[in-house]
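**Q** Generate a structure from the sequence data that follows.
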Amino acid sequence: MDILHLMIEKAAECDLLTDLATSVVRHRTSMYADNVVTFIRPTRMDLLTCIAIVDDFGAASDGLPEASNSRSVKDGLTGLWLRDVGPDLGSDALVEFFLLWQRLAAIALVPDQEDVLVWLWSGDGHYSSKSAYEAFFVGAVKAPIVEDIWRSRAPYSCKFFAWLAAKNRCWKADRLGRGGLPCSAACPLCDEEPKLGP
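**A** I've put the predicted structure just below:
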């Protein structure tokens, strides 16, 4: 189990989750995006409860940042992020900071309206694993021969070799030798010419 799951279980035991809309701990909770917690249509109470949980655990959260040290877009619009900028920022970081500040200046927040997540990779704005998978392969180049290779009734090892050959990625004697794999310096069929790759 990961640290976040243990922390949420401990919070449930201490009745810290009672203020959340759904206070049942899921069987498995995991973090993949650098300790970012996202609620779908969070209420202000959900966010305050989450901040309280993270702050209550402090050092026990094993490296999770204190939520009270984070900034929101609203804080950025009011200029509170300037306090977080250290004097030792490089020129690239300062350029990124000012670009972010310009983007935030164009945002008009509506008071007392909760945030809504919109998935840009689908027509209706709702997330689905299918749309995420399709978005992952946008712009991918497909060679027509590759589909024929994988649809063939050949054994898998032959399909794999044909796929490597179509991509010009077959390991020849020179590459096998660099990898420390056993190989002969000459072609095993004619025993004359060396097999050198591109």
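
**Q** wait, Ser184 sits on Lys172?
**A** No. Between Ser184 and Lys172 there is no contact under CB atoms under 8 Å: 11.1 Å. Any C-beta I mention is one placed from the backbone N, CA and C, and that applies to glycine too.

**Q** Beyond the helix or strand Ala162 falls within, next helix or strand please.
**A** Applying DSSP states H and E as the criterion places Ala162 in helix 156-166. Next helix or strand after helix 156-166 toward the C-terminus (DSSP H and E): helix 173-178.

**Q** Using neighbour counts, pick out the buried residues of that next one.
**A** For helix 173-178, a neighbour-count test (16 or more other CB atoms under 10 Å) marks 173, 175 as buried.

**Q** For Ser152, which residues are in contact?
**A** By CB atoms under 8 Å, 6 or more residues apart in numbering, Ser152 lies in contact with 159, 162.

**Q** State the distance from it to Ala162.
**A** 8 Å (CB to CB, to the nearest Å).

**Q** cool, and Thr78?
**A** With CB to CB as the criterion, Thr78 and Ala162 are 61 Å apart.

**Q** Can you classify Lys130 as helix, strand or coil?
**A** helix (DSSP: H, G, I helix; E, B strand; the rest coil).

**Q** Let the chain start at 332 from now.
**A** Understood, numbering begins at 332; the last thing we discussed is Lys461.

**Q** per-residue confidence at Ile371?
**A** pLDDT for Ile371: 48.

**Q** got it, and Pro529?
**A** In this model, Pro529 carries a pLDDT of 52.

**Q** Same check on Phe491?
**A** For Phe491, pLDDT reads 90.

**Q** Look at it and say how many residues are nearby.
**A** By other CB atoms under 10 Å, 13 other residues sit near Phe491.
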